[in-house]
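Peer 1: Below are the sequence and a predicted model for it; my questions follow.
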Amino acid sequence: MTHTPSTQSPHISVVVPLLNEEESLRELYEKIASTLREAGKRYEIIFVDDGSTDGSFAVLQELHARDASIKVVRFRRNFGKSAALSIGFQEAEGEFVVTMDADLQDDPAEIPGLIHAMGDQFDLISGWKKKRFDPLSKTIPSRFFNFVTGKVTGIPIHDFNCGLKAYRREVVKEVNVYGELHRYIPALAHWAGYRVGEKVVQHHPRKYGHTKFGLSRFFKGFLDLMTVLFTTRYIRRPLHLFGGWGIFSFLLGVAIDGYLSVEWILGRTSLSNRPLFLVGFLLIIIGIQFISIGLLGEMITRQDRGEQTYSIRETIR
Ligand code: UDP
Ligand code: MG
C-alpha cells in the first residue's frame, strides 16, 4: 500500500499525541488513512511520541516507511500531552487540524463530520463523548470538572477534555498550549475570539494498555483553571480581579467598624467586648492588601507591553 506524496499541502492534518500505545497504532493508522482516503482528502498524520518506553516508536517508523504522509516527532522523554499537542500544532500544515487520542477511544470515522460541522460558523469543533465508556471513577469527577469549567469560563460546552477536536489552522497556530492547558484549549480559543462549537462523537472503551492520567488529573485540572483565568482573562487588568474584591472587603469593614464606633461614641457599647470590631478591622486590612496586590499586578503588566494580546480575524488594505 503506497500513498503518493502530493506536492500540494495537505487539506487535513491529524495530530496524535501518544505515550506507550504500541498495540493501538497500526489499527489507528489504518482507520484514519482509510477514512480520509474515502473522503478524498489530502492528509498528513503527525504522530508525537511523548517519550514512550515500549515499542511505539518502532511501529511509527514502520508506518512512516509505508506512508509518506506520516510525520513522526519523538520527544527525548515524557513531556506531557500539552507539549505533544503543541509541537504537533507547529508541524501541522493542513487547512484543518484534527487532534485525537492514540488509544482508539476516539473514532477516526468522526473526522469528516467534525470538519463538516465547522461550516462557516465555527473555528473549533470540540467532540462531546455523550455516551462514555470509561469507569465511573473517571466519569463522575469529569462531569463535575466540566460543569465548573463551563460556568467559570462561560463557554457552553459539555466535554472540555475530549481528545477529539477539529480546528481551523489559524487557531492552532495562535493558541499557546503549555503546562497541562490542553484541557482548556476551547477556553483559550474562545477568549481569543474564535468561535467554538460542539458535536456529539462516538466513544469507545480502551482496548489496550491503560489510562495515563490518574485521579490527580482533577486537582491539577482545577489549579490549571486558575492559571488559565489569571494568565488570559486578567493578565492585562489584574486590578479588576483583585481591586473589586479589595474594595468590597474594605467598604464592608469600614461600615461595620463605623457602626460600632457610633455606638461607642453614643456610649451604648464598649468596644472591648465586641469581636465584630476585629472582623471589621480584618476586612479593612485584607481590602487594602487586595487593592495593593492588584496595583502591583498593574505595574508588572506595564513592564511587558510587547506581547500580543489581541487576535485579528482579517485585515483589508
Ligand atoms: N498521552 C501523552 N502523554 C502523556 C499522557 C497521555 O501523549 O503524558 C496520550 C495518550 O497516549 C493518549 C492520549 O494522550 O493518546 C490520552 O491519554 P489517555 O487515554 O491515557 O487519557 P484518558 O482517555 O484516560 O483521558
Ligand atoms: Mg483514553
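Peer 2: Ah, there it is. Ligands and ions are numbered 1, 2, ... in the order given.
Peer 1: gap between the residue nearest to the spatial centre of the chain and ligand 1?
Peer 2: Here the mean C-alpha position of the chain is nearest to the C-alpha of Tyr184 (C-alpha atoms, centre = their mean), at a distance of 1.8 Å. Distance check for Tyr184 against ligand 1: by C-beta to the nearest ligand atom, to the nearest Å, it reads 15 Å. In this view, the C-beta of every residue, glycine as well, is placed from N, C-alpha and C.
Peer 1: residues in contact with that residue?
Peer 2: With contact set as C-beta atoms under 8 Å, 6 or more residues apart in numbering, Tyr184 has these partners: 149, 153, 160, 224-225, 228.
Peer 1: nearest to ligand 2, of those residues?
Peer 2: Nearest to ligand 2 among these, counting by C-beta to the ion, is Phe160 at 14.9 Å.
Peer 1: Now for that closest one: which residues touch it?
Peer 2: Phe160 neighbours (C-beta under 8 Å, 6+ apart): 126, 145-146, 149-150, 183-184, 186-187.
Peer 1: Output the lowest-mean-pLDDT helix or strand in the chain as CSV, restricted to C-alpha atoms.
Peer 2: Ranked by mean pLDDT, DSSP states H and E, the weakest helix or strand in the chain is helix 216-228, scoring a mean of 83. C-alpha atoms of helix 216-228 as CSV (Å, rounded to 0.1, in the frame of the first residue of the first chain):
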residue,chain,number,x,y,z
SER,A,216,-4.7,13.6,40.3
ARG,A,217,-5.8,15.0,37.0
PHE,A,218,-8.8,16.6,38.5
PHE,A,219,-6.9,18.5,41.2
LYS,A,220,-4.3,19.6,38.7
GLY,A,221,-7.1,20.4,36.3
PHE,A,222,-8.6,22.9,38.8
LEU,A,223,-5.3,24.5,39.5
ASP,A,224,-4.8,24.9,35.8
LEU,A,225,-8.2,26.5,35.6
MET,A,226,-6.9,29.2,37.9
THR,A,227,-3.8,29.6,35.8
VAL,A,228,-5.9,30.0,32.7
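Peer 1: Tell me the buried residues in the next helix or strand after it?
Peer 2: Downstream of helix 216-228, the first helix or strand assigned by DSSP states H and E is helix 238-265. Burial within helix 238-265, assessed by neighbour count using 16 or more other C-beta atoms under 10 Å, is assigned to 238-239, 241-243, 246, 249-250, 252-253, 256-257, 260, 264.
Peer 1: Find the pair from those residues with maximum spatial separation.
Peer 2: Pairwise distances across these peak at 37.5 Å for Pro238 and Trp264 (criterion: C-beta to C-beta).
Peer 1: What does the pLDDT read for the residue of the chain positioned farthest from its centre?
Peer 2: Residue farthest from the centre of the chain, counting by C-alpha atoms, centre = their mean, is Gly267 at 59.1 Å. pLDDT, Gly267: 89.
Peer 1: List phi and psi for it.
Peer 2: In terms of degrees, to the nearest 10, the main-chain angles of Gly267 are phi 70, psi 20.
Peer 1: And Ile46, by the same measure?
Peer 2: The phi/psi pair for Ile46 (degrees, to the nearest 10) reads phi -110, psi 110.
Peer 1: Ile45 too?
Peer 2: Dihedral angles (degrees, to the nearest 10) for Ile45: phi -120, psi 120.
Peer 1: sorry, back to before: how far does the least confident helix or strand of the chain sit from its chain's centre?
Peer 2: 10 Å (C-alpha atoms, centre = their mean, to the nearest Å).
Peer 1: touching ligand 1 at all, that helix?
Peer 2: No: judged by C-beta under 6 Å from any ligand atom, helix 216-228 stays clear of ligand 1, getting no closer than 7.6 Å.
Peer 1: other SSEs contacting that helix?
Peer 2: helix 136-153 (3 or more C-beta pairs under 8 Å, 6 or more residues apart in numbering; DSSP states H and E).
Peer 1: Between helix 216-228 and the helix it packs on, find me the angle.
Peer 2: Per axes from the mean of the first three to the mean of the last three C-alpha atoms, to 10 degrees, the angle that helix 136-153 makes with helix 216-228 is 10 degrees.
Peer 1: Need the residues that contact the very next helix or strand once past helix 136-153.
Peer 2: Note on helix 136-153: by DSSP H and E, the next helix or strand toward the C-terminus is strand 165-168. If you take C-beta under 8 Å, 6+ apart as the criterion, strand 165-168 is touched by 95-99, 111, 114-115, 117-118, 123-127, 185-186, 189, 194.
Peer 1: close to ligand 1, is strand 165-168?
Peer 2: No: using C-beta under 6 Å from any ligand atom, strand 165-168 never reaches ligand 1; the gap is at least 12.5 Å.
Peer 1: Same check on stretch 60-80?
Peer 2: Yes: contact of stretch 60-80 with ligand 1 (C-beta under 6 Å from any ligand atom) involves 78, 80.
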